[in-house]
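Q: Just need the structure, nothing else, for what follows:
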Amino acid sequence: MSPTLLDPPAARAANDAIRRYVAGRRSWSREELAELDRLRALWRTARERRN
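A: Residues are numbered from 1 along each chain as shown. Model prediction:
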């Protein structure tokens, strides 16, 4: 089952996704930056709902 924003481990899962996405990257396209922003927004939302 994939985590939802209401699941307690959602912030951890979002953080892991960000770490995997940025691993080894040196330069970023506009599309890649947009995806990183999307992942960060999920992480922030999950952290806010967890607290």
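Q: now the longest helix along the chain: how far from the chain's centre is it?
A: Here the longest helix in the chain is taken by residue count, with DSSP state H as the criterion, and it is helix 30-50. The gap between the average C-alpha position of helix 30-50 and the chain average comes to 5 Å, counting by CA atoms, centre = their mean, to the nearest Å.
Q: Just the buried residues of that helix, please?
A: Residues 39, 42-43, 46 are the ones in helix 30-50 that count as buried (16 or more other CB atoms under 10 Å). In short, each C-beta sits where N, CA and C put it, glycine included.
Q: Using TSV, lay out those together with distance to Asn15.
A: Supplementary listing: the buried residues of helix 30-50 in TSV, determined by distance: CB to CB, whole Å:
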residue	distance to Asn15
Leu39	9
Leu42	10
Trp43	6
Ala46	9
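Q: Going by distance to Gly24, which of the residues you listed wins?
A: Taking CB to CB as the measure, Gly24 sits nearest to Leu39 out of the buried residues of helix 30-50, at 15.9 Å.
Q: Let me see the confidence value for that closest one.
A: In this model, Leu39 is scored at 91, pLDDT.
Q: check contacts around the residue nearest to it when sequence neighbours are not counted.
A: Excluding its sequence neighbours, the residue lying closest to Leu39 (CB to CB, 6 or more residues apart in numbering) is Ile18, at 4.9 Å. With contacts defined as CB atoms under 8 Å, 6 or more residues apart in numbering, the neighbours of Ile18 are 36, 39-40, 43.
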